[in-house]
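Predicted model follows, preceded by the sequence.
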Amino acid sequence: MPRGPIDIFLILLFMALLPLKANGAEKGHTETLLEGAKKEGRVVWYATMNITDAKKIIDAFEKKYPFVKVDLYRAGSQPLLNRIASEYRGSRYLADVAETNIFESHFLQKKGFFQPYHSPEAKFFPSQFKDANGFWVADYILYYIIAYNTRLIKSSEAPKSYQDLLHPRWKGNIGLKDDAVRWYGALLEYWGEEKGKVFMNHLAAQSPRLLGGSYGLISELIAAGEVPAGIVYAPTVESLRRFKGAPIDWEAGLDPVVTSVIALYMLAKSPHPSSTKLFIDFFLSKETQQFLVAMNRVPARLDIEPISPKLHPGRLKIAVIRPEMSEKFDHYSREFKETFSK
């Protein structure tokens, strides 16, 4: 049935008022949190982010909300999660918010150590960077890519796909971290077990150099020409290339770009719930996500431009290392060792 001018006017008016309604709801949400946070006056953040960068986030938050003090505990992902588990076993509920890798946090989430929180900022993050039930939202992401030394390798010969690594020129010339199990498992899940294992066996036949230490160290070895190419983190490559003029680069057409997600969780027994939600909203906001760019991190928000256009998640074929993959970690770890330690 055709609509008259009045009907159309009412529809347009309703559509125009929707954003105002949403903004009003968000304003009311924030005002409620502010009222509660002023009474609590504190939030306890368990972080994996380095202390220098975490302090910048804290300073900005406390400047905006001077009535809330942030207490920081910093550790690696596994020690941090072990501490939470130990505290909860002893009925000591100290932490409010945890910032850690979604892969390692999976078992604690299954045991009910976290609670859902649907931050109004979550709408700016794509579905692959947030939990469907609201248990976590990514604060930043890490890409596994193929980097190469630009002095040793011409752009026309640079590895643009995983299959390119099987060319004879790369035999003995690929750097691979000696425990790259998550990267291994993510590719098998993306391609399927059969195709994935065929590729990994062919890659092992290329005699890659299994390297200990961090991905940052492997990047520096590539830049120094000690190894012509390797699997490393993209932000580190961009930092070496842009700020140190290092002869290292990567190709953004890789399919897929295996991606690790570091996310924010609200603890199930958060002692300062209003301050916690306020802190999470602040952390996920555009202003704070912009800080991450200066920290050489890749924000998960799509309305933020990273330090290099190549790093924007909307321009890459992403394969997230899913939390559930942690249940097969031991299996993939054995396979990785069997494949690459022959």
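Perfect, I can see it now.

Can you give me the neighbour number for Lys27?
Counted with other Cβ atoms under 10 Å, the burial measure for Lys27 works out to 11 neighbours. All C-beta spots, glycine's among them, are computed from the backbone N, C-alpha and C.

Distance of it relative to Val137?
From Lys27 over to Val137 the distance is 20 Å, taken as Cβ to Cβ, to the nearest Å.

now Arg301
Distance check for Arg301 against Val137: by Cβ to Cβ, it reads 10 Å.

Need the residues touching each of the two.
Phe125, Leu284 (Cβ atoms under 8 Å, 6 or more residues apart in numbering).

my read is Val232 is in a strand, agree?
Yes - Val232 sits within a strand when classified using DSSP: H, G, I helix; E, B strand; the rest coil.

Kindly state the beta-bridge partners for it.
For Val232, the beta-bridge assignment (DSSP bridges) gives partners Ile145.

if I pick it, what's in contact with it?
Taking Cβ under 8 Å, 6+ apart, we find Val232 in contact with Tyr144, Ile145, Ala147, Gly175, Tyr215, Gly216, Ile218, Ser219, Ile222.

can you check Ala229 too?
When contacts are counted by Cβ under 8 Å, 6+ apart, Ala229 touches Ile146, Ala147, Tyr148, Asn149, Ile153, Pro159, Leu165, Trp170, Asn173, Ile174, Gly175, Ile222.

SS state for the fifth one?
The local conformation at Ile153, judged by three-state DSSP, is coil.

cool, the second one as well?
The local conformation at Ala147, judged by three-state DSSP, is strand.

State the distance from it to Gly112.
Counting by Cβ to Cβ, the separation of Ala147 from Gly112 is 40 Å.

These two: which is more packed in?
Between Ala147 and Gly112, counting by other Cβ under 10 Å, Ala147 is the more crowded of the two (30 against 10).

Is it correct that the more buried one is in contact with Leu221?
No - with contact defined as Cβ atoms under 8 Å, Ala147 does not count as touching Leu221 (10.1 Å).

Can you work out which residues contact both of those two?
The contact lists of Ala147 and Leu221 share Gly230, where a contact means Cβ under 8 Å, 6+ apart.

ranges for the helices of the chain?
Taking DSSP state H to define them, one finds helices in the chain at 5-40, 51-64, 77-89, 102-110, 181-191, 193-204, 215-223, 234-243, 273-284, 286-294, 329-340.

just these: most buried one?
Taking mean count of other Cβ atoms under 10 Å as the contact definition, the stretch among the helices of the chain with the greatest mean neighbour count is helix 273-284, which reaches a mean of 24.

for it, packing partners?
Using 3 or more Cβ pairs under 8 Å, 6 or more residues apart in numbering; DSSP states H and E as the contact criterion, the neighbours of helix 273-284 among helices and strands are helix 5-40, strand 42-47, helix 51-64, strand 97-101, strand 136-149, strand 257-267.

before we move on, back to that, tabulate the contacts of Val232 (CSV), appending pLDDT and distance to Ser77.
Formatted as CSV, these follow (pLDDT from 0 to 100; distance: Cβ to Cβ, whole Å):
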residue, pLDDT, distance to Ser77
Tyr144, 98, 17
Ile145, 98, 21
Ala147, 98, 24
Gly175, 98, 23
Tyr215, 96, 15
Gly216, 96, 16
Ile218, 98, 20
Ser219, 98, 20
Ile222, 98, 25
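
Quick check: end-to-end length of stretch 116-135?
4 Å (Cα to Cα, to the nearest Å).

Quickly list the domain ranges of this structure.
5-141+262-307, 142-259+322-340 (automatic domain parsing).

any idea which of those domains scores lowest on pLDDT?
Here those differ in mean pLDDT, and the lowest is domain 5-141+262-307 at a mean of 91.

and it, how far from the chain's centre?
Here the centre of mass of C-alpha atoms in domain 5-141+262-307, compared against the chain's by Cα atoms, centre = their mean, to the nearest Å, lies 14 Å away.

oh, and call the first residue 822 from now on, that's how I've got it
All set: I'll call the first residue 822, so the last point we hit is now domain 826-962+1083-1128.

thinking again about what came up before, nearest to Phe946, out of the helices and strands packed on helix 1094-1105?
Evaluated with Cβ to Cβ, the helices and strands packed on helix 1094-1105 place strand 957-970 nearest to Phe946, the distance being 5.7 Å.

hey, C-alpha coordinates of the closest one in CSV?
Coordinates of the C-alpha atoms in strand 957-970 are reproduced here as CSV (Å, rounded to 0.1, in the frame of the first residue of the first chain):
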residue,chain,number,x,y,z
TRP,A,957,35.3,-9.4,26.1
VAL,A,958,36.2,-6.8,23.6
ALA,A,959,39.6,-6.4,21.9
ASP,A,960,41.7,-3.5,22.9
TYR,A,961,44.4,-4.2,20.4
ILE,A,962,45.5,-7.0,17.9
LEU,A,963,48.7,-8.6,16.7
TYR,A,964,49.2,-9.9,13.1
TYR,A,965,51.5,-12.8,12.2
ILE,A,966,52.9,-11.9,8.8
ILE,A,967,55.8,-12.9,6.5
ALA,A,968,58.6,-10.3,6.8
TYR,A,969,61.6,-10.1,4.5
ASN,A,970,64.9,-8.2,4.2
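
correct me, but Asp1070 touches Ala968?
Yes - applying Cβ under 8 Å as the test, Asp1070 and Ala968 come out as touching, 7.0 Å apart.

Sweet, I'm off.
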